[in-house]
Each structure stands twice: as C-alpha cells, then as structure tokens.
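Participant: Build me a structure from this.
(chains A, B, C and D)
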Number of protein chains: 2
Amino acid sequence: MFEKFRNYIIEKTGAGSITAEQFEFIESLCSLKKLRKRQYFLQEGDVSKYNAFVLKGCLRTYSVDDDGVEHIISFAVEDWWAGDRESMTSGNPSRFNIDAIEESELLLISHPDFLEISKRIPVFQEMINSIFQRSFIKAQNRIQSVISDSAEDKYLHFLKNNIALANRIPQSMIASYLGISAETLSRIRKQIVKREQS
Amino acid sequence: MFEKFRNYIIEKTGAGSITAEQFEFIESLCSLKKLRKRQYFLQEGDVSKYNAFVLKGCLRTYSVDDDGVEHIISFAVEDWWAGDRESMTSGNPSRFNIDAIEESELLLISHPDFLEISKRIPVFQEMINSIFQRSFIKAQNRIQSVISDSAEDKYLHFLKNNIALANRIPQSMIASYLGISAETLSRIRKQIVKREQS
DNA sequence: CGATTCTTTGAAAACAGTCAATCTGTGTGG
DNA sequence: CCACACAGATTGACTGTTTTCAAAGAATCG
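Facilitator: Residues are numbered from 1 along each chain as shown, chains lettered A, B, ... in the order given. Model prediction:
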C-alpha cells in the first residue's frame, strides 16, 4: 500500500535520504481513502483538512460560478497531490470542490501531521518546497498561455504539456480547464484533423 | 540602503529570528542596481541569474508573442521579488522580458548566493518557502479568474486584489495582464462608471 | 509648449459562446 | 444478448462579446 508512496519520495529526495524509521513515522500518519467516480473529496464551503497523495485514479479541483458552470482549476493523477492549500493554511472554507473523475485511491495526511513531518524530516520539507516551486512555475506558464493564446493555441499548449492527461480525461473537462466551451474545443479538434489530412 | 530589506525580512521572519551577523552575511552578497524607466532587467533569450528584491519602483515580467504583442505575466513593486525562477534553476534562456516601468532600485542576489543564504540561514529559507506557497496560491486564484470570468469580472477581480497596483500602472498594462485588449478595458471602465452614476 | 505616451471612441470583423438537436459509444439491467 | 439509458461529442444556426484598425482626444514630462 505504501510502496508507491515510498518510491515517489525516494525518487524526489534521492535514495537513502530518508531512513526506515522515518518512513514508518510518515506512514503512521497516513490513511488510505478510496473514492468512487464522482465522489467528493472536498466540497465547497468545507475546510480542506487533508493533503491527498494520489495512488491511483484522478481528481479534479474546480469552482462553480453563479450560473452553475464548473471551471476546472487543476487535475491530480498518480503521484500528484490534491487539496486546497489556501483553505488548509488559513482555516477558511474552501471555494473549490474536489472530486474523483475516476475510481481513485488516496493517501491522506492531515495538515498538522504534514507540518509535523516537514518539521521532523528536513528532506521531506525540501521535497515539498521544490514541489511548490515547480507548481508555481507551471502555474505561471499556464497563465501565460491562457492570457496570450487563442483557443486553439491553448489546446495545443495543453497537449504539448499534458499528453498523458489528454488521453484519460473527457474533452469537456479539458475545455473547462482551458477556459473554453466544450463545443469550441470540439470544433478546434475538427479543424486540426482536417488540416493534418491535407 | 539595506534598511528596507532588513525591515522586510524582520516582518516576514519575526523580530530576532536573524542575528546581526546573519544580516551582514546576507547583505555582503547583495548588490544595488538602479534601473531607469523602460530599462531591461532581463531580456528574452538571456539566462536569469539574479533574484531581484524591489526597494523602489516597479518591474514587469512579460512575453512577446509572434505578432509582437506583449503579455504581462507579473508585476513587482516595493517589497516584492522579480526574476525568472524557471530560467534560474534550469539554466535555460528565459522566455520572458523583465523591465522597469518606473525608475527603480533593486537589491540583487545571484542564484548561487541565494541558495547559500538559504542553506546557512534556515529562517530565510522558510521565508522563501512561504513566499512560494503564497505565490502559488495567488497564481491559482488568478487562473480561476482568467478561465472563469468575463472581461469585466476579470477587471473587478483585479481591482479587488490589487488596488495599489491599479493606481500606479497604465491601464494598457492592466489590460495586458488580464489578457484583454486595452480598448476593451477602456470600454469596461466606462460602463462601470456609467452604472455607478445611475 | 511640443513630443510622446496613454486613453478613448467608432465601425467592422473575427472569435468564441449558447442553445438545441443529433450522433456515438459504453455500460447496465432485464 | 439485446435494448435502453446515459454521458460525452459533434453539428448547425444564432447571438454576443471581444478584437482589430484607425483616428482623435487627454495626459504627462522634459
């Protein structure tokens, strides 16, 4: 059960950076959670209490606007994290929903436990920090695309950077993630295919 | 010259967290840089080598698309940082330009020196980490706005979160930052004023 | 001032969104 | 195993928002 998580940590921190006892400590604070497709992990208005490491499946974080339209902020597949950091650190209710778009398995670590692990195990802390740095850089790149590109270029940019995601996520959700309508994405794809053929 | 920077660090880390010697160490690795309005701090294609702490003035980070249109990724005013982290950590040439939109004064710390400071002074490291966390959260919120909102709502969202910026930056740059045209922003503002009057 | 930069305005065009209907594929229960 | 239901994708016609281009109007600064 923890093998995947151990491998992930080893890959991120380097072999031997974390002792067997430290692994046990970390794992003693983890709990396993299974989600069915469409099941919520976090609902708008609730306070996000757990960091979720995705062992299997796929989660989406999204907001719902006044017209009831969903806007997907992020996806989390295997070896990625989910949870609303803003709500977690501030204790305020979340503006986001997080649910499973596939049958999923998560390792949960509560926010206080997460802080404790980080305090006790500096390399874990470093790992988390570098994840945040890269997340920030990715977010900036996404912002660049979304403020600069046409709908088609947004899609091509997405494909270039998220081929794996593109093959397991419904098109309508990709559209939502890109901030365009599902119909527009459908027409864009048609165009691209047509162009490739000629 | 370093007073502003010291105050910033004290505010972020808490009084007494950093000793006089540590401050001196940090400051021994800083250099002052003045930029005139419109002067580059970083040009596309160059490798970003310095973290810049803004003592005075305002920088913008932007990309230029194939049509020559500028797209502003971020602003940095007093007590904020600039530099392309992606280029800095990877050593690859930057896709961004950074220049001064006001007469500015920066404290520069080279990337290696920055790492050294972080290594030697854990509270400095912590400060940087919490900055990244908040930057990431801010970036996510911006993404939400930019994929969900109409042009007007993007502007209102910007105003709500960046009143100070809104009052010192040309409208056309705000438009660029929001991913809308300067003309559209002008019309939106007119609408808002008209509505407020009635 | 005079020059430059920034903003506003109008008209036309492009782009993307909406709505509604149809199509496709998949999986489920009878 | 079939039929049906359902979710997702596509298509067409229309609407609406935003962009583009061009020109004129403020504002700012040396």
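
Participant: Would you map the strands across chain A?
Facilitator: For chain A, strands defined by DSSP state E occupy the ranges A:31-35, A:40-42, A:50-56, A:59-64, A:70-76, A:81-82, A:97-100, A:104-110.

Participant: Put together CSV for the ones you listed, with distance to chain B on each row.
Facilitator: From N, CA and C alone the C-beta is placed, and that goes for glycine too. Conversion of these to CSV gives the following (distance: least, Cβ to the nearest Cβ, whole Å):
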stretch, distance to chain B
strand A:31-35, 22
strand A:40-42, 14
strand A:50-56, 13
strand A:59-64, 6
strand A:70-76, 4
strand A:81-82, 12
strand A:97-100, 12
strand A:104-110, 16
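
Participant: so which of the ones you listed gets nearest B:Gly57?
Facilitator: When those are compared by Cβ to Cβ, strand A:70-76 sits nearest B:Gly57, at 32.7 Å.

Participant: Off-centre distance for the closest one?
Facilitator: 8 Å (Cα atoms, centre = their mean, to the nearest Å).

Participant: Turn the strands of chain A into CSV, including mean pLDDT and mean neighbour count.
Facilitator: CSV is the format used below for these (pLDDT from 0 to 100; neighbours: other Cβ atoms under 10 Å in any protein chain shown):
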stretch, mean pLDDT, mean neighbour count
strand A:31-35, 96, 15
strand A:40-42, 96, 20
strand A:50-56, 97, 20
strand A:59-64, 97, 21
strand A:70-76, 98, 20
strand A:81-82, 98, 21
strand A:97-100, 96, 22
strand A:104-110, 97, 21
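
Participant: could you redo these as TSV and give each row distance to B:Met127?
Facilitator: Written out in TSV, the entries for the strands of chain A read as follows (distance: least, Cβ to Cβ, whole Å):
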stretch	distance to B:Met127
strand A:31-35	32
strand A:40-42	29
strand A:50-56	22
strand A:59-64	27
strand A:70-76	26
strand A:81-82	23
strand A:97-100	29
strand A:104-110	24
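
Participant: in chain A, what spans have low per-residue confidence?
Facilitator: Low-confidence regions of chain A, defined here as pLDDT under 70, cover residues A:198.

Participant: Wait, A:Met173 touches A:Ile101, no?
Facilitator: Yes: with contact defined as Cβ atoms under 8 Å, A:Met173 counts as touching A:Ile101 (7.0 Å).

Participant: anything in contact with each of those two?
Facilitator: Taking Cβ atoms under 8 Å, 6 or more residues apart in numbering or on different chains as the contact rule, A:Met173 and A:Ile101 both touch A:Arg60, A:Phe75.

Participant: so what's the residue positioned nearest the centre of chain A up against?
Facilitator: Centrality entry for chain A: nearest residue to the mean C-alpha point is A:Ala76, 2.8 Å, by Cα atoms, centre = their mean. In this structure, A:Ala76 makes contact with A:Ala52, A:Val54, A:Cys58, A:Leu59, A:Arg60, A:Thr61, A:Ala82, judged by Cβ under 8 Å, 6+ apart.

Participant: repeat that with 7 Å
Facilitator: A:Val54, A:Cys58, A:Leu59, A:Ala82 (Cβ atoms under 7 Å, 6 or more residues apart in numbering or on different chains).

Participant: partners of the third one in the sheet?
Facilitator: Read it as A:Leu59. The residues paired with A:Leu59 through beta bridges, assigned by DSSP bridges, are A:Ala76, A:Ala100.

Participant: Not counting sequence-adjacent ones, nearest residue to A:His73?
Facilitator: In this structure residue A:73 is Ile, not His. Distance criterion Cβ to Cβ, 6 or more residues apart in numbering or on different chains; nearest residue to A:Ile73, sequence neighbours excluded, is A:Thr61 at 4.7 Å.

Participant: who touches the one you found in this structure?
Facilitator: Contacts for A:Thr61 (Cβ under 7 Å, 6+ apart) come out as A:Ile73, A:Ser74, A:Ala82, A:Phe96, A:Ile98.

Participant: ok, the third one touching A:Cys58?
Facilitator: No: checked against Cβ atoms under 7 Å, the pair A:Ala82 and A:Cys58 is beyond contact range at 9.6 Å.

Participant: mind checking the longest helix of chain A?
Facilitator: Ranked by residue count and defined by DSSP state H, the top helix of chain A is helix A:122-148.

Participant: buried set for that one?
Facilitator: If you call a residue buried by 16 or more other Cβ atoms under 10 Å in any protein chain shown, then helix A:122-148 has these buried ones: A:124-129, A:132-133, A:135-137, A:139-148.

Participant: near chain B at all, it?
Facilitator: Yes: Helix A:122-148 lies in contact with chain B when judged by Cβ under 7 Å from any Cβ of the partner chain; the contacting residues are A:129, A:132-133, A:135-137, A:139-140, A:142-144, A:146-148.

Participant: So what does A:Gln39 have for phi and psi?
Facilitator: Dihedral pair for A:Gln39: phi -80, psi 140, per degrees, to the nearest 10.

Participant: Now it: closest residue in space that isn't a chain neighbour?
Facilitator: Nearest non-adjacent residue to A:Gln39, counting by Cβ to Cβ, 6+ apart: A:Ala100, 5.3 Å away.

Participant: So is stretch A:141-161 next to DNA strand D?
Facilitator: No: Stretch A:141-161 does not reach DNA strand D (Cβ under 7 Å from any atom of the strand); its nearest approach is 8.6 Å.

Participant: CA atoms only: put that stretch into CSV for me.
Facilitator: C-alpha atoms of stretch A:141-161 as CSV (Å, rounded to 0.1, in the frame of the first residue of the first chain):
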residue,chain,number,x,y,z
ASN,A,141,3.2,29.0,-17.7
ARG,A,142,-0.4,28.2,-17.7
ILE,A,143,-1.2,31.9,-17.0
GLN,A,144,0.9,32.9,-19.9
SER,A,145,-0.9,30.6,-22.3
VAL,A,146,-4.4,31.5,-21.0
ILE,A,147,-3.8,35.3,-21.3
SER,A,148,-1.9,35.1,-24.6
ASP,A,149,-3.2,32.3,-26.7
SER,A,150,-6.2,31.8,-29.0
ALA,A,151,-8.5,28.9,-28.0
GLU,A,152,-6.7,26.7,-30.5
ASP,A,153,-3.2,27.6,-29.1
LYS,A,154,-4.4,27.0,-25.6
TYR,A,155,-5.4,23.5,-26.6
LEU,A,156,-2.1,22.8,-28.4
HIS,A,157,-0.2,24.2,-25.5
PHE,A,158,-2.1,21.8,-23.2
LEU,A,159,-1.4,18.9,-25.4
LYS,A,160,2.2,19.6,-25.5
ASN,A,161,2.5,19.7,-21.8
